[in-house]
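K.L.:
Predicted structure and sequence below. I'll ask about it afterward.
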Amino acid sequence: MKQTGSRAKWMMVSLAALSLLAAQGADAAEEGLHAAAVKFGIWSGGQQVALEKDPVVIDGSTYVPLRSLGEALGKQVEWDEWNGAIRLKDKPEIAAVHTWKTPGTLSGKLKEGGFSGLLHLPGDPEDTFYTLADRGPNGEFGKDKLRTFPDAGFVPRIYKMKASGGEIQVLETIKLHLPAGHTDKVTGSAEITGLPNADGPDEVPYDVSGTKQLAYDPDGLDLEGIAYSPADDTFWLSDEYRPSLVQVTRDGTILGRFVPEGMKAMLEEAGAQTEIYDILPAVYAKRIANRGFEGVSISPDGKYLFTSIQSPMAVPDKKTGEASRALRILKLELASKKVVGEYLYVAEKAESFKNVKQKDVVISDLSALSSSVVLVDERDKNAGEEAQIKRIYRADFSQATNLLGTEHSAKLEAMSLSEIREKGIVPVAKELIADVAQLGYPYEKLEGLAVVDKNTLAVVNDNDFGVAGYDEQGKLQVKDVPTELYLIRLKEELH
């Protein structure tokens, strides 16, 4: 056994060196070295290793893909593009899967679901979590892709749940509502909806048939993330619409909504009953539709809140944003409710993967480990065997450039990585913690992320309430897609 371990270690070190040398193939060619692709089998543990590329022989030496060999030997391989480094770690494993087997009924064939964030409170049992549903079931009707709301009366909500024995059990459902004495414009009660806020910045809402336009709700929310503030025992939620941050009490009472500068007047004019604070940078109003704030997390000491934009914004326009890799993460000081930082997070390069578009490489959730280190859930739009980016990164802000209030913030998405380097901008440092796609994760939306302990992460999928589009007759299609919580056991402790 000792000899086998030594051999595996030797192979990994040698392969790392060989791959780095292989990356210099162009230089070798210029120096007159001969390179040729070869085909031969490589076996590990009695099974043939599937190589992403054929081996290459350069000047008599054989070079093989490090990632394929590393994964065959139980290693997780990461290429750090910004620093030009390769990291190898022991591969995590799936420790448990828990399924919501008895979701409640909404309307028609629709069931509850749509989990879009995840939270574990340190004082709670390890199997207890909080999550939330987004704006409710919605679809795209016809060639114009009209935004439909099959359950227009859906109330955004928080769930307290228990995940054990292979099942998810909802312990409490907390529906969001306005403070006493306030009435929502659409519902006529204190409860709010998941409908868009206003004509112009938002999509036009339609009923399930795609023929009747619905009313806008200036207090409507499309919730995506959940965090907890120990200082005042409140939840902070992230919303895609404005984008905004929403503070609520344990019983779901909305205390305030924090929006980009210039948005308060629009919401109040539309009839919003929520207390509005326009303290966020005005540039965030340029978010691409349905790509607002996604992740939110509060540092364990309760001092700072982090929130991430889902994808690059329309700065200066949508086309530029969809081609950009520049994702933004804001940092707020909770005591003063003041934004104190804005940082660049560089998304993975879509061209390095198969059938991945840059606009679909997004951040889905955050989980803060400290006041300067945050776990980031980064994913693509693919599912099953086609999925390639379902990753949890450790993002270190300690050496990153604070862009808040700088000229660079106003044009970040329009800057190439070379321009970013030239300007001396340092993004948050990324370190791969778990490549969840390599663990066989089957869903598109790796949506919620929580830390259970130093060796355990929990993730949950957004099943979109099973909505699967419309058929040729214009009938809503609903599939039985389960909501599941996965526990991932790490071989190395989080820090």
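P.N.:
That came through fine.

K.L.:
shaky segments in the stretch 1-150 of the chain?
P.N.:
Where the stretch 1-150 of the chain drops to pLDDT under 70, the residues are 1-33, 45.

K.L.:
now the strands: where do they sit in it?
P.N.:
35-37, 43-44, 47-48, 56-58, 61-63, 75-80, 85-90, 93-99, 115-119, 128-133, 139-141, 146-148 (DSSP state E, counting those that start in this stretch).

K.L.:
Would you tell me which of those gets closest to L176?
P.N.:
strand 128-133 (8.9 Å; CB to CB). Backbone N, C-alpha and C define where each C-beta goes, glycine included.

K.L.:
Check which residues of that closest one are buried.
P.N.:
129-133 (16 or more other CB atoms under 10 Å).

K.L.:
One more: stretch 362-371?
P.N.:
362-369, 371.

K.L.:
Which of the strands of the stretch 1-150 of the chain sits closest to A414?
P.N.:
Closest among the strands of the stretch 1-150 of the chain, using CB to CB: strand 75-80, at 24.7 Å.

K.L.:
Against which helices or strands is that closest one packed?
P.N.:
helix 66-72, strand 85-90, strand 429-435 (3 or more CB pairs under 8 Å, 6 or more residues apart in numbering; DSSP states H and E).

K.L.:
how about JSON lines for these, with distance to G194 and mean neighbour count added?
P.N.:
Below are the helices and strands packed on strand 75-80 laid out as JSON lines (distance: least, CB to CB, whole Å; neighbours: other CB atoms under 10 Å):
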{"stretch": "helix 66-72", "distance to G194": "41", "mean neighbour count": "21"}
{"stretch": "strand 85-90", "distance to G194": "40", "mean neighbour count": "15"}
{"stretch": "strand 429-435", "distance to G194": "31", "mean neighbour count": "20"}
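
K.L.:
Now stretch 35-44: buried residues?
P.N.:
Buried, per 16+ other CB under 10 Å, within stretch 35-44: nothing.

K.L.:
Quick one: residues contacting E240.
P.N.:
134-135, 222, 224, 287, 290-294, 310 (CB atoms under 8 Å, 6 or more residues apart in numbering).

K.L.:
P316: which of the residues you listed is nearest?
P.N.:
For these, the nearest to P316 is R287 (13.5 Å; CB to CB).

K.L.:
What is the burial count for the closest one?
P.N.:
The burial count assigned to R287 is 25, neighbours taken as other CB atoms under 10 Å.

K.L.:
ditto for K491
P.N.:
Count around K491 with other CB under 10 Å applied: 12.

K.L.:
which SS class is it?
P.N.:
Following DSSP: H, G, I helix; E, B strand; the rest coil, K491 is assigned to coil.

K.L.:
and the residue nearest to it when sequence neighbours are not counted, what does it touch?
P.N.:
The shortest distance from K491 to any non-neighbouring residue, by CB to CB, 6 or more residues apart in numbering, is to D90 (3.7 Å). Going by CB under 8 Å, 6+ apart, D90 touches 74-76, 491-492.

K.L.:
show me where the stretch 251-400 of the chain has strands.
P.N.:
254-260, 276-280, 293-298, 304-309, 326-333, 338-346, 362-368, 373-379, 390-396.

K.L.:
Of all those, which one is nearest V315?
P.N.:
strand 326-333 (8.7 Å).

K.L.:
Name the residues of the closest one that come out as buried.
P.N.:
Buried residues in strand 326-333 (16+ other CB under 10 Å): 326-332.

K.L.:
In a markdown table: those residues, plus pLDDT and distance to E167.
P.N.:
Listed next are the buried residues of strand 326-333 as a markdown table, based on pLDDT from 0 to 100; distance: CB to CB, whole Å:
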| residue | pLDDT | distance to E167 |
| --- | --- | --- |
| A326 | 98 | 41 |
| L327 | 98 | 35 |
| R328 | 98 | 38 |
| I329 | 98 | 34 |
| L330 | 98 | 36 |
| K331 | 98 | 37 |
| L332 | 98 | 36 |
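
K.L.:
now I389: how far from V361?
P.N.:
Remark: distance between I389 and V361 (CB to CB, to the nearest Å) = 6 Å.

K.L.:
Need the residues touching each of those two.
P.N.:
What both I389 and V361 touch, as defined by CB under 8 Å, 6+ apart, is the set 348, 378-380.

K.L.:
Same list, the buried residues of stretch 362-371, but as a markdown table with pLDDT please.
P.N.:
Below are the buried residues of stretch 362-371 laid out as a markdown table (pLDDT from 0 to 100):
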| residue | pLDDT |
| --- | --- |
| V362 | 98 |
| I363 | 98 |
| S364 | 97 |
| D365 | 98 |
| L366 | 98 |
| S367 | 98 |
| A368 | 98 |
| L369 | 98 |
| S371 | 98 |
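
K.L.:
From the residues you listed, pick the one nearest P316.
P.N.:
V362 (20.3 Å).

K.L.:
check contacts around the closest one.
P.N.:
Counting by CB under 8 Å, 6+ apart, V362 has contacts 291, 294, 310-311, 327, 347, 378-380.

K.L.:
Equivalent analysis for A323, please.
P.N.:
Here A323 is in contact with 358-359 (CB under 8 Å, 6+ apart).

K.L.:
One more pass at 6 Å, please.
P.N.:
Q358 (CB atoms under 6 Å, 6 or more residues apart in numbering).

K.L.:
Give me the most central residue, this structure.
P.N.:
S364 (1.2 Å; CA atoms, centre = their mean).

K.L.:
thought that residue was touching D377?
P.N.:
Yes - here S364 reaches D377: they are 4.5 Å apart, a contact under CB atoms under 6 Å.

K.L.:
quick one on the thing from earlier: right, and the strands of the stretch 251-400 of the chain - which one's nearest V460?
P.N.:
So among those, strand 362-368 is nearest, using CB to CB, at 9.1 Å.

K.L.:
Mind listing the strands the closest one pairs with, and their directions?
P.N.:
Here strand 362-368 is paired, per DSSP bridges, with strand 373-379 (antiparallel).

K.L.:
quick revisit: let's have the strands of the stretch 251-400 of the chain in TSV, adding distance to V248.
P.N.:
Below are these laid out as TSV (distance: least, CB to CB, whole Å):
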stretch	distance to V248
strand 254-260	5
strand 276-280	14
strand 293-298	12
strand 304-309	14
strand 326-333	16
strand 338-346	20
strand 362-368	18
strand 373-379	22
strand 390-396	26
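
K.L.:
Buried deepest among those strands, which one?
P.N.:
For these, the largest average neighbour count (mean count of other CB atoms under 10 Å) is found in strand 293-298, namely a mean of 28.

K.L.:
Render the CA-only coordinates of the host helix or strand of G448 in PDB, please.
P.N.:
Applying DSSP states H and E as the criterion places G448 in strand 446-453. Extracted in PDB, the C-alpha atoms of strand 446-453 (Å, rounded to 0.1, in the frame of the first residue of the first chain):
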ATOM      1  CA  LEU A 446     -27.300  24.500  -8.300                       C
ATOM      2  CA  GLU A 447     -29.100  27.300  -6.600                       C
ATOM      3  CA  GLY A 448     -28.700  27.300  -2.800                       C
ATOM      4  CA  LEU A 449     -25.500  27.000  -0.800                       C
ATOM      5  CA  ALA A 450     -24.900  26.700   3.000                       C
ATOM      6  CA  VAL A 451     -22.100  25.700   5.300                       C
ATOM      7  CA  VAL A 452     -23.000  23.000   7.800                       C
ATOM      8  CA  ASP A 453     -19.600  22.500   9.400                       C
END
